[in-house]
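Chemist: Sequence and predicted model, in that order:
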Amino acid sequence: MRDYILMRLFYAVIIAWGIVTITFILLRVAPGSPADRYLLNMSAKGQDVTQVIASIEARYGVDQPIWEQYRDYVVNLVRGDWGWSLSTSMPVMTLLRRHWIYSFQLILLSSLFASLLGMAAGVYSAVKQRTRTDYIATLLSFMGVSVPNFWLGIMLILVFSVQLGWFKTYYDTSLALFSLDNLKALVLPVITLGTGMMAGYTRYARSATLDNLRQDFVTAARAKGLPERTVIIKHVFRNAMLPISTIILWELGAIVFGGAYLTEIIFGIPGLGQISFNAIFANDYAVVVAVTLIGSMIVLLTNLVTDIAYTYMDPRVRYD
């Protein structure tokens, strides 16, 4: 197991390095410069900006050849220096420390919402197979998987915020993280991000439960005279949890790039997705690369944790 973990960590570092390299090069070859915003502001005032822009680019090293910029960036990254954000005038590490907690809060609440409701709906749907409840749950799960989360978020804002006024769409960073007002502001984002995951969990839980209901040990448990609730909870649900838990752990990393960032942009949540979105339009290279690196490492490490956790949930699985 130790050798397997070390090998996976080595591959994770190689993949992350490749992602950083590709992102770095694409940003540098794209049109525009981090100094463009200064150019626009000073041009509007009728000032000569040629020398100013040149000095800004020289100060931050963006006037050097790409390979020299890349070399300096990698060396500084290894040293723990993630660069300087030109759009916010602060170190990138400081910027990330201020905003990562809001992304974590959104992902945590959305995952709890999706996993609890999804598993409960999937198991109940399987137990009530070929009934009206089963058909409704299956229909809703297909709809949840099919609806894009950005469209769902916009519709929720129009109905529940604009028309009904039930929820605000402004996240107040001056309040405590889990304050009542901010939790109310997260209701619609959590539903937006968690609906697709919940629909997927419902389908997986239903399938896994049906597979276990057909097993011989379930027939034997019923033949012993055990109550149906005991059979479902102690025998069927425990075994069905193995594949579902793997999917839930894997989804924790996938939703970082899959929907959390987009949901933050739609609802104005000041997380990593929001600052990454602003950094892209400001040509803030260091912030974009840093957020991309963090997201890729979360995905890679989550996949590793999922594989390791599966060996403890299922003793038959070994990586030796």
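Modeler: It's in.
Chemist: Longest helix in this structure, please.
Modeler: If each helix of the chain is counted by residues according to DSSP state H, the longest one is helix 92-127.
Chemist: Following the chain onward from that helix, which element is next?
Modeler: Following the chain from helix 92-127 toward its C-terminal end, the next helix or strand by DSSP states H and E is helix 132-146.
Chemist: Show me what secondary structure element comes after that following helix.
Modeler: Past helix 132-146, heading to the C-terminal end, the next element that is a helix or strand (DSSP H and E) is helix 149-156.
Chemist: who are the neighbours of that following helix, in terms of helices and strands?
Modeler: Contact analysis of helix 149-156 by 3 or more C-beta pairs under 8 Å, 6 or more residues apart in numbering; DSSP states H and E lists helix 187-213, helix 261-267 as its packing neighbours. Where you see a C-beta, it was placed from the backbone N, CA and C, and this is true even at glycine.
Chemist: okay, those in CSV with mean neighbour count, distance to Lys234 and mean pLDDT next?
Modeler: As requested, the helices and strands packed on helix 149-156 are arranged in CSV below (neighbours: other C-beta atoms under 10 Å; distance: least, C-beta to C-beta, whole Å; pLDDT from 0 to 100):
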stretch, mean neighbour count, distance to Lys234, mean pLDDT
helix 187-213, 23, 12, 89
helix 261-267, 23, 37, 86
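Chemist: before we move on, back to that, return the set of buried residues in the longest helix of the chain.
Modeler: 92-93, 95-96, 99, 102-103, 105-107, 109-111, 113-115, 117-119, 121-127 (16 or more other C-beta atoms under 10 Å).
Chemist: follow-up on the earlier one: would CSV of the helices and strands packed on helix 149-156 with distance to Thr302 be doable?
Modeler: Conversion of the helices and strands packed on helix 149-156 to CSV gives the following (distance: least, C-beta to C-beta, whole Å):
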stretch, distance to Thr302
helix 187-213, 14
helix 261-267, 16
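Chemist: And the ones you listed: which comes nearest Asp81?
Modeler: The minimum distance between Asp81 and the helices and strands packed on helix 149-156 falls on helix 261-267, with 24.4 Å, by C-beta to C-beta.
Chemist: and the closest one, what does it pack onto?
Modeler: On the basis of 3+ C-beta pairs under 8 Å, 6+ apart, helix 261-267 makes packing contacts with helix 92-127, helix 149-156, helix 187-213, helix 272-281.
Chemist: closest one to Glu57 among those helices?
Modeler: The minimum distance between Glu57 and the helices and strands packed on helix 261-267 falls on helix 272-281, with 17.3 Å, by C-beta to C-beta.
Chemist: how far off helix 272-281 does the helix or strand following that closest one point, in degrees?
Modeler: Downstream of helix 272-281, the next assigned helix or strand under DSSP H and E is helix 285-313. In terms of direction (axes from the mean of the first three to the mean of the last three C-alpha atoms, to 10 degrees), helix 285-313 departs from helix 272-281 by 150 degrees.
Chemist: neighbours of Ile294, just the number please.
Modeler: Applying other C-beta atoms under 10 Å, we find 18 residues neighbouring Ile294.
Chemist: Same check on the one 10 residues further on?
Modeler: Close neighbours of Leu304, defined as other C-beta under 10 Å, add up to 17.
Chemist: same thing with the one 4 residues further on?
Modeler: One way to gauge burial is a neighbour count; for Ile308, by other C-beta under 10 Å, it gives 15.
Chemist: Which pLDDT value goes with the spatially closest residue to it that is not a sequence neighbour?
Modeler: Here the nearest residue to Ile308 in space, its sequence neighbours aside, is Ile5; by C-beta to C-beta, 6 or more residues apart in numbering that works out to 7.0 Å. At Ile5 the predicted local distance difference test score is 81.
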